[in-house]
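Engineer: Structure of the sequence below:
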Amino acid sequence: MKTDVEELSPTRVKLTIEVPFEELNPSLNKAYREVAKQVRIPGFRPGRVPPRVIDARIGRSHVLEQAVNEAVPELYNKAVAEHEVVPLGQAEIEVTRLDDGKELAFTAEVDVRPSFELPDLEQLSVTVDNAEVDPDQVEEYLRALRERFASLKTVDRPVQTGDFVSIDLAATIDGKAVDDAQASGVSYEVGTESMLDGLDAALAGMSASESSTFTTELAGGKQAGNTADVLVTVNSVKVKELPELDDEFAQSASEFDTVGELRASTRRQLEALRQQGQAGQARERLLDELISRIDIPLPERLVTAEIEARRQSLHDQLERAGINMQSYLESADTTEAKLEQDFEADAQRSVKAGFILDKIASQEELTVTGEQLSAYVTEQAYRMGVAPDRLAQQLSDNGQLPAVAADVLRGNALTVLAERARVVDEAGRPVDVGAETEAAAEAGDEGESADEGDAEDSDEG
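Structural biologist: Here you go, the predicted structure:
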């Protein structure tokens, strides 16, 4: 077999492959056997039809076509391996000559990985946010924790912003009740303006058992978009009461006996989370630094495929949400042209980042362990709300495990990048990304000790 490799561009090559006919004999014999099994010719048992009879009855060209289809992919893979071509995607193959008994020739055009050099990773440097946590941030976290353990207490006074009310709603249009716009015992936080336009203004100053009517545009149901009169009746008015930040609260909301221990643990947890954030910042900023430093020619077809994937993903999301494209563009304050520009920029960055991380992985001889692959699948399954075993089976059935392994390998490369480079915080202090990631994981385990609490109705007081 003779192969000539022509560089069409920095990211695409053309292989011209010439094969002596005798190298097709195994595929030709196999094609004859397959055709012999399929045809029914009087006087011959299935599978026992001689080649000369098949040539006469079916035509040798049919057998040659089947043999070529069988042989070409294998011959292409052999040529790629011999000439160390690293293809990206499927090749465009064209048979240019088939001289029966003499020679087969075909061409294969395919995108290839561009050639580029990485800078010395240890010479890279980025700055990340500081990890210190101030007292106000600790108190803010503790207040949020108290919010989760808050209770609602009934009060005998007019409604104020921030109150929680139980209300009945009844809408009418031209004096006729709107059947699907009637509701009883609706819980609503006054001031959020999250229900009907005009509701918050109508509730202001009302007391329990009082009613008021306001005019608004209905947001849902058969009469959506029409103006209606809505009668709102207040059943009760409640305020949220937070538990005192004391030792008793610490014992009920965490594993700690005193509020001092809870506060100290909170500080450690927040610092660890900020340190984890430093690690994430370091990875992203170092990757951005490499992307800006390295000039890499990008395969047009690969970028186009990435753009199309983004279009399809957005289309699927909007379809699931029941939103049309025009409404999405208006809500996002963008245009279709700007959206396409963003798609292209994101696709180019993604392709370029992939090449860089793959290069690091190859240069550092990185691998993916079974534990890492399992952890990745488990994490994705958790986010999707499905069983890990089920997701793993689905990925295997769809042939997606190699793509998953490639993602994990790129993550490993990103970790190596962050560990090799110089990372400092805003104060100029060195940041050990590896150590910070381990500390964050430990703090995450510690943070699980706080119990979740829900706001409860209470008429005490």
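
Engineer: mind checking which helix or strand of the chain has the lowest mean pLDDT?
Structural biologist: strand 456-458 (a mean of 43; mean pLDDT, DSSP states H and E).

Engineer: Convert the C-alpha atoms of the helix or strand Glu147 falls within to PDB, please.
Structural biologist: Per DSSP states H and E, Glu147 falls inside helix 135-148. This file holds the C-alpha atoms of helix 135-148, laid out as PDB (Å, rounded to 0.1, in the frame of the first residue of the first chain):
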ATOM      1  CA  PRO A 135     -17.100  38.800  61.000                       C
ATOM      2  CA  ASP A 136     -19.900  40.300  59.000                       C
ATOM      3  CA  GLN A 137     -19.800  37.400  56.500                       C
ATOM      4  CA  VAL A 138     -20.000  34.900  59.400                       C
ATOM      5  CA  GLU A 139     -23.000  36.700  60.900                       C
ATOM      6  CA  GLU A 140     -24.700  36.900  57.500                       C
ATOM      7  CA  TYR A 141     -24.300  33.100  57.200                       C
ATOM      8  CA  LEU A 142     -25.600  32.500  60.700                       C
ATOM      9  CA  ARG A 143     -28.600  34.800  60.000                       C
ATOM     10  CA  ALA A 144     -29.400  32.700  56.900                       C
ATOM     11  CA  LEU A 145     -29.200  29.600  59.100                       C
ATOM     12  CA  ARG A 146     -31.600  31.200  61.600                       C
ATOM     13  CA  GLU A 147     -33.900  32.000  58.700                       C
ATOM     14  CA  ARG A 148     -34.200  28.200  58.000                       C
END
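
Engineer: Now do the helices in the stretch 301-450 of the chain.
Structural biologist: 325-331, 336-363, 370-384, 388-397, 401-420, 433-447 (DSSP state H, counting those that start in this stretch).

Engineer: now the second one against helix 401-420, angle please.
Structural biologist: The directions of helix 336-363 and helix 401-420 differ by 80 degrees, with axes from the mean of the first three to the mean of the last three Cα atoms, to 10 degrees as the criterion.

Engineer: Show me what counts as buried in helix 336-363.
Structural biologist: Buried residues in helix 336-363, counted by 16 or more other Cβ atoms under 10 Å: 339, 343, 347-348, 351-361. From N, CA and C alone the C-beta is placed, and that goes for glycine too.

Engineer: go on, the fifth one?
Structural biologist: With burial defined by 16+ other Cβ under 10 Å, the residues of helix 401-420 counted as buried are 404, 407-420.

Engineer: got any ranges where the protein has weak pLDDT?
Structural biologist: 435-461 (pLDDT under 70).

Engineer: biggest helix in it, by residue count?
Structural biologist: Looking across the chain with DSSP state H, the single longest helix is helix 259-293.

Engineer: Let me know the angle separating that helix from helix 135-148.
Structural biologist: 110 degrees.

Engineer: elements contacting helix 259-293?
Structural biologist: strand 125-128, helix 135-148, helix 247-253, helix 336-363, helix 401-420, strand 422-425, helix 433-447 (3 or more Cβ pairs under 8 Å, 6 or more residues apart in numbering; DSSP states H and E).

Engineer: Could you name the helices and strands sitting against the fourth one?
Structural biologist: Pointing back at helix 336-363 there. helix 259-293, helix 300-321, helix 325-331, helix 401-420.

Engineer: what's the answer for the first one, then?
Structural biologist: Counting contacts by 3+ Cβ pairs under 8 Å, 6+ apart, the secondary-structure elements packed against strand 125-128 are helix 259-293, strand 422-425.

Engineer: Could you export these as CSV, including distance to His83?
Structural biologist: Listed next are the helices and strands packed on strand 125-128 as CSV, based on distance: least, Cβ to Cβ, whole Å:
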stretch, distance to His83
helix 259-293, 29
strand 422-425, 40
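
Engineer: and of the ones you listed, who's closest to Pro87?
Structural biologist: Closest approach to Pro87 among the helices and strands packed on strand 125-128 is made by helix 259-293 (23.7 Å; Cβ to Cβ).

Engineer: Adding distance to Gly191, write the helices and strands packed on helix 336-363 out as a markdown table.
Structural biologist: What follows is the helices and strands packed on helix 336-363, written out as a markdown table (distance: least, Cβ to Cβ, whole Å):
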| stretch | distance to Gly191 |
| --- | --- |
| helix 259-293 | 29 |
| helix 300-321 | 27 |
| helix 325-331 | 23 |
| helix 401-420 | 44 |
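
Engineer: Now for the residue nearest the centre of the chain: which residues touch it?
Structural biologist: Geometric centre of the chain, nearest residue: Gln380, 9.2 Å, by Cα atoms, centre = their mean. Residues in contact with Gln380 (Cβ atoms under 8 Å, 6 or more residues apart in numbering) are Leu391.

Engineer: before we move on, back to that, what packs against the helix or strand following the helix holding Glu147?
Structural biologist: Heading C-terminal from helix 135-148, the first helix or strand you meet, by DSSP H and E, is strand 151-154. For strand 151-154, the packing partners by 3+ Cβ pairs under 8 Å, 6+ apart come out as strand 227-241, strand 456-458.

Engineer: Direction included, what does strand 151-154 pair against?
Structural biologist: strand 227-241 (antiparallel), strand 456-458 (parallel) (DSSP bridges).

Engineer: then that strand to CSV, C-alphas only?
Structural biologist: C-alpha atoms of strand 151-154 as CSV (Å, rounded to 0.1, in the frame of the first residue of the first chain):
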residue,chain,number,x,y,z
SER,A,151,-41.3,30.3,62.7
LEU,A,152,-44.4,32.4,61.7
LYS,A,153,-46.3,34.2,64.5
THR,A,154,-49.8,35.6,64.1
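
Engineer: Domain parsing of this protein, as residue ranges.
Structural biologist: 2-112, 151-241, 282-447 (automatic domain parsing).

Engineer: I'd like these as JSON lines, with distance to Glu271 appended.
Structural biologist: Formatted as JSON lines, these follow (distance: least, Cβ to Cβ, whole Å):
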{"stretch": "domain 2-112", "distance to Glu271": "43"}
{"stretch": "domain 151-241", "distance to Glu271": "29"}
{"stretch": "domain 282-447", "distance to Glu271": "8"}
